[in-house]
Each structure stands twice: as structure tokens, then as C-alpha cells.
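Novice: got a predicted structure here, sequence first:
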Amino acid sequence: MEQKIHQGRNVKRFREMLNIKQEALAYDLGEDWNQKKISMLEQKDVIEDSLLKQISAVLKIPVEAFQNFDEEQAVNVIANTYSFQDFKDNAVASGFSYQPSFNPVDKVIELYERLVQAEKDKVEYLEKLLKGR
């Protein structure tokens, strides 16, 4: 059975990855929007193309990401394609041995945390600017 893409859930995932609150997205979409409408939108399986284009422009994420992203499928592809043991075996077989002095996962987490903090700082700065109007 083919799994259907849930566009509303994808909007929510990308919004949360960017650390953007529902209220902020509503504000950027215009005066017809509020937090409750964003919440309802994120529950919809399918979102109209014109609205997806607006959301895409606000979040700076391609429309296709909302239409095609399937988290479970992405995780399965990664899990079935890559394993650290495969990487080590292939590296040694090819005469190349890669043994970092740090944990690459820790570096990814560190980078993610820095990105999240930068986004929080940006939101805080923009909120101060809006209050100063």
C-alpha cells in the first residue's frame, strides 16, 4: 500500500526545523491568518497549490518539499543504505582508513544547535523590531 504524503505535517516539520512559531507564520502570510488557522492547516493532508506557494515563499523552502517529503521513507532509505560498519569495511577494502578523532554525530548535533540558536536570535531581534513600531 502506497503511503500518502501529509502536506500539512510537512509544513509543520519544516516550520519547526526553522524554529518559526505558528503566530509568526500567520503574520507573514497576512492579515487573514492567525495561529489557529495555521494549526488547522497543519492538520490537512492536502494544501492548495496557491497556498503552498505562499508558504514556500515565506519559509524559503521549495513547494516540492511540502508535496514530496516522506520522513518515514527518508529514514528507511538512509537506514537501508548506510551503516557505519559498511563505511568502515569499504574504507579499509579500498586502502583508505578513516578514523576521525571526534564523533561526526557530535559535530552534526553541535552544528544543528548553533543553527537553532541563530534562528532564535533572529526571531528575538525581529520581535524587538516589531515592538518598536
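Specialist: That came in fine, so what should we check first?

Novice: confidence score at residue 43?
Specialist: Residue 43 is assigned a predicted lDDT (pLDDT) of 96.

Novice: now it: how far from residue 7?
Specialist: Separation of residue 43 from residue 7 (Cβ to Cβ, to the nearest Å) stands at 10 Å. Where you see a C-beta, it was placed from the backbone N, CA and C, and this is true even at glycine.

Novice: more crowded one of these two?
Specialist: residue 7 (24 against 10; other Cβ atoms under 10 Å).

Novice: contacts only, for that one.
Specialist: Residues in contact with residue 7, defined by Cβ atoms under 8 Å, 6 or more residues apart in numbering, are 44, 45, 46, 47, 52, 66, 67.

Novice: which residue is the nearest non-sequential neighbour of it?
Specialist: Closest residue in space to residue 7, ignoring its immediate chain neighbours: residue 47 at 4.6 Å, by Cβ to Cβ, 6 or more residues apart in numbering.

Novice: returning to that earlier point: which one of the contacts of residue 7 has the most neighbours?
Specialist: Neighbour tally across the contacts of residue 7 (other Cβ under 10 Å): the maximum, 24 neighbours, falls on residue 66.

Novice: most residues in a single helix of this structure, which one?
Specialist: Here the longest helix in the chain is taken by residue count, with DSSP state H as the criterion, and it is helix 104-131.

Novice: how far does that helix sit from its chain's centre?
Specialist: Put simply, helix 104-131 sits 14 Å off its chain's centre (Cα atoms, centre = their mean, to the nearest Å).
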